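> mind looking at a prediction? Sequence and model below.
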Amino acid sequence: MSGPNPIEAVFETLAATAPEIRAGLPGRRTALDQENVTGDQQLAADVWADELLAERLGTIDGIGEYASEERQSVEDVGNGYAIAIDPLDGSSNLKSNNPMGTVVGIYDGSFPTTGQDLVAAGFVLYGPITTMVVAREGIPEGYVVANGDRQSTGPVKLPTEPTVYGFGGREPNWNHSFAEYVEGVRSELKLRYGGAMIADVSQVLSYGGIFGYPGLRNRPEGKLRLLFEAAPIAYIVEHAGGASTDGSQSLLEVPAEAIHQRTPTFVGNESYISRLEAAVDW
Ligand code: P6P
């Protein structure tokens with residue numbers, strides 16, 4: 001008899017591990033004297049959450065590769081799907097006690113690969129309560145995570161009426177045409193930017209709008225990582241009825257040459273995504 005579906009097992013495991021991660025955060029707010037592969041300062045929580053999730057997810061039958069934002073290289077864990085995970089996205093919010101999350105993409109391919117190989121994506125959001133969104137075929141499903149169990153809150157559909165926006169990076173580092181685009185957005189929507197992609201994307205999924213981290217004058221590739229952050233979030237938002245872009249194409253089309261490759265990242269209502277692509281000269 002075939003075992004449980006590995007994709008389902010990944011999300012069950014994330015839910016089951018969520019209370020343990022949440023409970024382990026208070027004692028792990030210290031900054032380590034080290035950085036991850038892409039130069040983010042690592043907290044004790046980052047390393048601990050990564051080790052915990054590697055152990056739990058890497059032993060699932062049908063998972064072959066475990067790649068983490070916190071690790072230099074891909075771990076070979078057997079045969080099957082390839083997981084790309086940011087164990088604690090937005091962990092710098094731990095110091096200020098603001099929301100953060102875990103984001104995972106499940107790829108039917110070997111790293112480095114592209115968003116076209118995604119077969120599922122999801123995130124856990126550690127906010128006032130613990131919630132989860134899972135996208136596989138069709139419309140994403142939302143959950144409240146209680147005692148490690150997922151309680152469905154129904155389909156996650158992007159509201160047709162946009163309300164909020166949030167863009168990362170310092171304004172002096174935005175290029176002129178993007179700054180002009182944001183002036184228009186600013187006059188139409190409300191600012192919601194909290195420094196953790198998962199929490200900011202959750203705002204967009206709940207209220208409609210656009211979230212992004214642009215390429216900057218001093219960093220044209222932007223900050224967010226394609227395989228760990230941008231492609232999984234684009235998969236979720238596009239399945240929820242929205243759109244994504246790196247400035248010119250869906251994030252699911254962006255070719256990855258390296259596992260820690262960064263990309264300019266925008267997700268949200270199609271009207272704001274297409275307006276961005278038309279207005280901004282990167
Ligand atoms: P900034 C967190 O470190 C992260 O990768 C994303 O979760 C978040 O959207 C972004 O960086 C925040 O970057 O420059 O605003 O601190």
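Yes, it's here. Every value quoted in this text rests on a predicted model; they were computed, and no experiment measured them. Numbers count the residues shown, from 1 in each chain.
> who are the neighbours in contact with the residue of the chain found nearest the ligand?
Here the residue of the chain nearest the ligand is Met197; by Cβ to the nearest ligand atom that distance is 3.5 Å. Quick note: C-beta positions are derived from backbone N, CA and C, even for glycine. When contacts are counted by Cβ atoms under 8 Å, 6 or more residues apart in numbering, Met197 touches Asp89, Gly90, Val103, Phe211, Tyr213, Leu224, Glu229, Ile233, Thr265.
> get me the contact residues on this protein for the ligand.
Where proximity means Cβ under 6 Å from any ligand atom, the interface of the chain facing the ligand comprises Asp40, Asp89, Gly90, Ser92, Gly168, Gly195, Ala196, Met197, Tyr213, Lys223, Leu224.
> what is the residue lying closest to the fifth one once chain neighbours are set aside paired to in the beta sheet?
When you say that, I think you mean Gly168. With Cβ to Cβ, 6 or more residues apart in numbering as the criterion, Gly168 has its nearest non-adjacent residue at 3.8 Å, and that residue is Tyr213. When bridges are taken as DSSP bridges, the partners of Tyr213 come out as Thr265.
> who are the neighbours in contact with Tyr213?
Listed by Cβ under 8 Å, 6+ apart, the contact set of Tyr213 reads Phe167, Gly168, Gly169, Met197, Gly222, Lys223, Leu224, Pro264, Thr265.
> tell me if I'm right that Leu94 and Gln42 touch.
No - assessed by Cβ atoms under 8 Å, Leu94 is found out of contact with Gln42, at 11.6 Å.
> quick one, which of those two is more surrounded?
Taking Leu94 and Gln42 together and counting by other Cβ atoms under 10 Å, Leu94 has the greater number of neighbours (22 against 18).
> list the residues that contact that one.
For Leu94, the contacting residues are Leu25, Arg28, Arg29, Leu43, Ala45, Leu88, Met100, taking Cβ under 8 Å, 6+ apart as the criterion.
> check for me that it belongs to a helix.
Yes - inclusion of Leu94 in a helix is indicated when DSSP: H, G, I helix; E, B strand; the rest coil is applied.
> ok, back up a step: can you flag the buried ones in the contacts of Leu94?
Among the contacts of Leu94, the ones that count as buried by 16 or more other Cβ atoms under 10 Å are Leu25, Arg28, Leu43, Ala45, Leu88, Met100.
> which ones among these map onto helices?
The helices, defined by DSSP state H, take in Ala45 from the buried ones among the contacts of Leu94.
> how about the helices in the protein?
Per DSSP H, the chain carries helices over the ranges 6-24, 44-58, 93-96, 176-186, 197-207, 231-239, 270-279.
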